[in-house]
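Peer 1: the following block contains a protein sequence and its predicted model.
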Amino acid sequence: MGAMLRPYEDNALEPARRQMLEEHLCGRGITDPDVLRAMAEVPRERFVSPEQRHRAYTDGPLPIGEGQTISQPYIVALMTQLLRVNRESEVLEVGTGSGYQTAVLAHLAGVVYSMERVKPLLDEAFDRLMALGIRNIHLRYGDGSIGWPEAAPFERILITAGAPELPTNLLLTQLQDNGIAVLPVGDIQEQVLVEIRRRGDALQRTDICPCRFVKLIGQAGWSE
Ligand code: SAH
């Protein structure tokens with residue numbers, strides 16, 4: 001794996017980053033070389049506060065302010081692998097948060113449209129993504145549970161906050177036929193990560209694993 005590691009800004013984080021790639025990702029079934037490359041290339045420490053920097057590559061979520069979290073690296077990699085994006089893919093992400101998942105997707109996809117309902121988080125994410133030279137993204141402030149109709153349909157939809165039920169309206173109106181969506185669904189304490197394949201007017205659901213995300217708040221999510 002050594003060859004795919006980029007030169008690093010902070011050598012003190014290097015062992016933890018290597019451990020993330022080898023143990024927490026490869027060791028748990030993240031096998032897609034493109035996903036591993038993206039995870040190796042995006043500097044996760046840029047997406048957390050200075051106080052959290054030393055923990056940037058640990059195997060868990062971290063607080064990003066406003067009561068929200070940056071997801072665990074394994075979950076980011078797993079969702080990205082399940083999405084199977086390529087350089088042509090147009091992806092809708094709901095829940096920009098820190099912008100970390102957006103950056104990982106932007107490494108692999110054609111264009112990423114990402115929505116966030118907490119304005120300060122969106123603004124910080126925008127600054128981070130711009131500073132990293134990531135340009136194939138569009139960010140929007142608002143309720144992502146109703147999607148981004150002007151940019152639809154999307155080949156892929158990724159929701160990084162937990163909804164009580166499948167947002168079927170969003171999926172049937174803004175996900176392309178044969179497109180894939182990945183999202184957590186369930187109660188507030190625990191959800192199931194599901195992979196959806198749209199086939200015409202039907203949504204085929206595959207349950208992947210239990211997971212825990214912050215709430216999706218909005219029309220197709222929880223009320224505040
Ligand atoms: N992908 C993010 C994870 C952030 S946590 C990362 O890598 O950092 C989920 C985010 O979803 C939170 O920032 C929360 O504010 C946001 N969110 C919740 N409901 C939303 C909605 N309806 N529309 C847009 N964003 C939403």
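Peer 2: Everything's here; your move. Numbering: from 1, shown residues only.
Peer 1: and the next element down the chain from the longest strand seen in the chain?
Peer 2: In the chain, with assignment by DSSP state E, the single longest strand is strand 175-186. Where DSSP states H and E defines the elements, the next helix or strand beyond strand 175-186 is strand 191-199.
Peer 1: mind giving me the packing neighbours of that following strand?
Peer 2: In this structure, strand 191-199 makes packing contacts with helix 73-83, helix 168-174, strand 175-186, strand 202-211, judged by 3 or more C-beta pairs under 8 Å, 6 or more residues apart in numbering; DSSP states H and E. Any C-beta I mention is one placed from the backbone N, CA and C, and that applies to glycine too.
Peer 1: recalculate using a threshold of 10 Å.
Peer 2: helix 73-83, strand 154-159, helix 168-174, strand 175-186, strand 202-211 (3 or more C-beta pairs under 10 Å, 6 or more residues apart in numbering; DSSP states H and E).
Peer 1: got the contact list for the lengthiest helix in the chain?
Peer 2: Counting residues, the longest helix in the chain under DSSP state H turns out to be helix 119-131. With contact meaning C-beta atoms under 10 Å, 6 or more residues apart in numbering, helix 119-131 is reached by 43, 46-47, 49, 64-66, 68, 95-103, 106, 112, 114-116, 118, 134-137, 139-142.
Peer 1: among those residues, which ones are buried?
Peer 2: Buried members of these, scored by 16 or more other C-beta atoms under 10 Å, are 43, 46-47, 64, 68, 95-103, 106, 112, 114-116, 118, 134, 137, 139-140.
Peer 1: show me these that map onto helices.
Peer 2: 100-103, 106.
Peer 1: which among the residues you listed are in contact with the ligand?
Peer 2: 100-101 (C-beta under 6 Å from any ligand atom).
Peer 1: mind putting the ones in helices among the buried ones among the contacts of helix 119-131 in TSV, pLDDT included?
Peer 2: Compiled in TSV, those are given as follows (pLDDT from 0 to 100):
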residue	pLDDT
Y100	98
Q101	98
T102	98
A103	98
A106	98
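Peer 1: which one of the ones in helices among the buried ones among the contacts of helix 119-131 is nearest L183?
Peer 2: Using C-beta to C-beta, Q101 comes nearest to L183 of these, at 12.3 Å.
Peer 1: so what's that closest one up against?
Peer 2: Going by C-beta under 10 Å, 6+ apart, the list of residues near Q101 reads 42, 47, 70-71, 75-77, 79-80, 93, 95, 112, 114, 125, 158, 160.
Peer 1: from those residues, which two are the most distant?
Peer 2: Checking the contacts of Q101 with C-beta to C-beta, the most distant pair is A77 and A125, at 19.0 Å.
Peer 1: and this structure, which of its residues are near the ligand?
Peer 2: Contact residues (C-beta under 6 Å from any ligand atom) of the chain with the ligand: 68-71, 94-95, 97-98, 100-101, 115-118, 121, 143-145, 160-161, 214, 216-218, 221.
Peer 1: quick revisit: closest to L166 out of the contacts of Q101?
Peer 2: Of the contacts of Q101, the one sitting nearest to L166 (C-beta to C-beta) turns out to be L158, at 14.1 Å.
Peer 1: so what's the residue nearest to that closest one when sequence neighbours are not counted bridging to?
Peer 2: Nearest residue to L158, sequence neighbours excluded (C-beta to C-beta, 6 or more residues apart in numbering): E93, at 4.9 Å. Counting by DSSP bridges, E93 forms beta bridges with S114, L158.
Peer 1: return the distance of E93 relative to I137.
Peer 2: 9 Å (C-beta to C-beta, to the nearest Å).
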